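Asks: After the sequence you'll find the predicted model.
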Amino acid sequence: MHADPGLQPERTSMSWSRTAISMLVVSLILLRWADVYGVGVLALIAGLVASSAFVVLSNRADYLREVRGIRDERVAPALARVTVLSAAVLALGAGAIALVLAT
């Protein structure tokens, strides 16, 4: 049995929050090139902000489920969050390559 059922979910929750903050920082950095690349950068920024919002909202909703899962020794992975985050990073990389090649 886990000694502190809130400890591991708390660390996991904090790591998801840091990841969402990092995505928001990247979107703010992309604003620097909005006047050069136009709509393409704005689309990347919108995607990153939407992904960050999804990560934060789903993270908050799943925290208690994860605490109960540690107690019951049965925690399901956060597939939706991992998929959205992976898609956002893939889109950011592909978009950056497309914008560099477009100039």
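Replies: Now that the structure is in, tell me what you want to look at.
Asks: show me where pLDDT drops low in the chain?
Replies: Within the chain, the stretches with pLDDT under 70 are 1-6.
Asks: would you list every one of the strands in it?
Replies: Counting by DSSP state E, the chain forms no strands at all.
Asks: For residue 44, which non-adjacent residue is spatially closest?
Replies: Closest residue to residue 44 apart from its sequence neighbours, by Cβ to Cβ, 6 or more residues apart in numbering: residue 95 at 4.5 Å. In short, each C-beta sits where N, CA and C put it, glycine included.
Asks: From the contact counts, what lies against the longest helix anywhere in the chain?
Replies: Using DSSP state H, we find that the single longest helix of the chain is helix 39-72. Packing contacts for helix 39-72, counted by 3 or more Cβ pairs under 8 Å, 6 or more residues apart in numbering; DSSP states H and E, involve helix 7-30, helix 34-37, helix 79-102.
Asks: Would you mark the buried spots in the first one?
Replies: Neighbour-count burial for helix 7-30 flags 9, 12, 13, 16, 19, 20, 23, 24, 26, 27, 30 (criterion: 16 or more other Cβ atoms under 10 Å).
Asks: How about stretch 71-82?
Replies: 75, 78, 81.
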